[in-house]
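[1] the sequence and its predicted three-dimensional model are supplied below.
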Amino acid sequence: MPDDAAAREGATPDDAATHGDGDAAERRDAATARDAEEQASVFSHPPVDPDVTAAYGDHPDQVIDFYAPREPDPSVPAPLVVVLHGGAWRAPYDRRHITPFADFLARRGFAVANVEYRRGSVIPAQGGAIAAQGGGSGPVAGRWPDTFDDVAAALDALPGLVRELLPQADARRTVVTGHSAGGHLALWAAARHVLPADAPWHTDRPAPLRGVVALAPIADFRVAEELGVCGGASGQLLGGEARFAERLPYADPAFLLPTGIATTLVQGRTDIVVPEAVAEAYADAAAKSGEVIGLTLLEDVGHFPLIDPAADACAVVAEEIAQLAW
């Protein structure tokens, strides 16, 4: 996360006036250190191989990993949890980093579908420099429209794949979850029926979901851009400043309300990667649309514990999923 965004989350002008710049800097440094520890913990778990992998398209990234419930009850099919990983929609972060979380859910009695999708790539610019679509440098955040094409195609293909490959699962009790950028995609996938009619991903009716549990989601693009979340990733995803406003109604969950689908956001209050203000902005937009959503705020929890099997916050997430699934 950029240093200026971390500073915004760690301190306010009132803080500086009351406690002095030194205290504000100490709090910012402490928050940054805590975030680094939490990130190291979540990435310390070795990847967990799935029981089976299936393709939903021809591209190498168009695949879904399936995890059967570890202790299934043969008399009761398991709810299906669809997992959409985060990583700012950027190529270096694929589904492997969230496989310990998928395995954690499988050990809690869920059937799990861990979805991969096309993410951004590095674009060489003139003179050998590396330029990101929409500004900035390094890996691009997402591909338009490919990232959205893939999530829509994966969700559409899931019922048939589950019937064929995961008979322990009950697709009628499906909950979609996702972390960070994946939280955005989870909210978006549940809102396709309220997309503009000319959107290629528009559906005539709501998806047959029990609900959505979005984990520290990038849920309001305008607020995320104001805060510099993930180096302006949402702006890059939409193609840069020139296309941002035009594409918001097709991509920003805060525009796609109400959905009529049960939705819960889980957010760490000390998250400096996707600050609490982003989730609160989405909750406010939902309320203005007449929809009530759940917003679970966890004290002393940052961005990464929500998907870290070693963290208490991960058990809270599993319980939120269970409340919708069962």
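    Arrived safely, thanks for sending. Residues are numbered from 1 along each chain as shown.

[2] from now on I want contacts and neighbour counts done on CA atoms only, so please keep to that.
    Noted.

[3] which positions within the one helix or strand residue 224 maps to qualify as buried?
    Residue 224 is part of helix 221-227 when elements are defined by DSSP states H and E. Across helix 221-227, burial judged by 16 or more other C-alpha atoms under 10 Å covers 221, 222, 223, 224, 225, 227.

[4] immediately after it, which helix or strand?
    Moving toward the C-terminus from helix 221-227, the next element (DSSP H and E) is helix 233-237.

[5] average pLDDT across that next one?
    Mean pLDDT, helix 233-237: 97.

[6] quick revisit: between the buried residues of helix 221-227, which is closest to residue 29?
    Set against residue 29, the nearest of the buried residues of helix 221-227 by C-alpha to C-alpha is residue 227 (18.2 Å).

[7] where does the stretch 101-250 of the chain have low pLDDT?
    122-138 (pLDDT under 70).

[8] 50 instead?
    For the stretch 101-250 of the chain, applying pLDDT under 50 flags the ranges 124-137.

[9] ranges for the strands of it?
    Ranges of strands in the stretch 101-250 of the chain, per DSSP state E, counting those that start in this stretch, are 111-115, 123-124, 130-131, 169-179, 211-215.

[10] and the nearest residue to residue 199 once chain neighbours are set aside, what does it touch?
    Spatial nearest neighbour of residue 199, excluding adjacent residues (C-alpha to C-alpha, 6 or more residues apart in numbering): residue 250 at 6.8 Å. By C-alpha atoms under 8 Å, 6 or more residues apart in numbering, the residues touching residue 250 are 195, 196, 199.

[11] change it to 10 Å
    Applying C-alpha atoms under 10 Å, 6 or more residues apart in numbering, we find residue 250 in contact with 148, 188, 192, 194-202, 238, 256.

[12] so residue 44 is in contact with residue 99, correct?
    No: judged on C-alpha atoms under 10 Å, residue 44 makes no contact with residue 99 at a distance of 12.0 Å.

[13] the more surrounded of these two?
    Using other C-alpha atoms under 10 Å as the criterion, residue 44 and residue 99 rank with residue 99 on top: 23 against 12.

[14] one step back: quick one: which two of the buried residues of helix 221-227 are the most distant?
    Distances among the buried residues of helix 221-227 were taken as C-alpha to C-alpha; the most separated pair is 221 and 227, at 9.8 Å.

[15] shared neighbours of those two, anything?
    Residues touching both residue 221 and residue 227 (C-alpha under 10 Å, 6+ apart): residue 278.

[16] before we move on, the earlier item: check which helices and strands the helix holding residue 224 sits against.
    For helix 221-227, the elements it packs on are helix 3-10, helix 233-237, helix 241-251, helix 276-288, judged by 3 or more C-alpha pairs under 10 Å, 6 or more residues apart in numbering; DSSP states H and E.

[17] residues near the closest residue to residue 194 other than its chain neighbours, how many?
    Of all residues not flanking residue 194 in the chain, residue 256 sits nearest, at 5.9 Å (C-alpha to C-alpha, 6+ apart). Neighbourhood size, residue 256 [other C-alpha under 10 Å]: 23.
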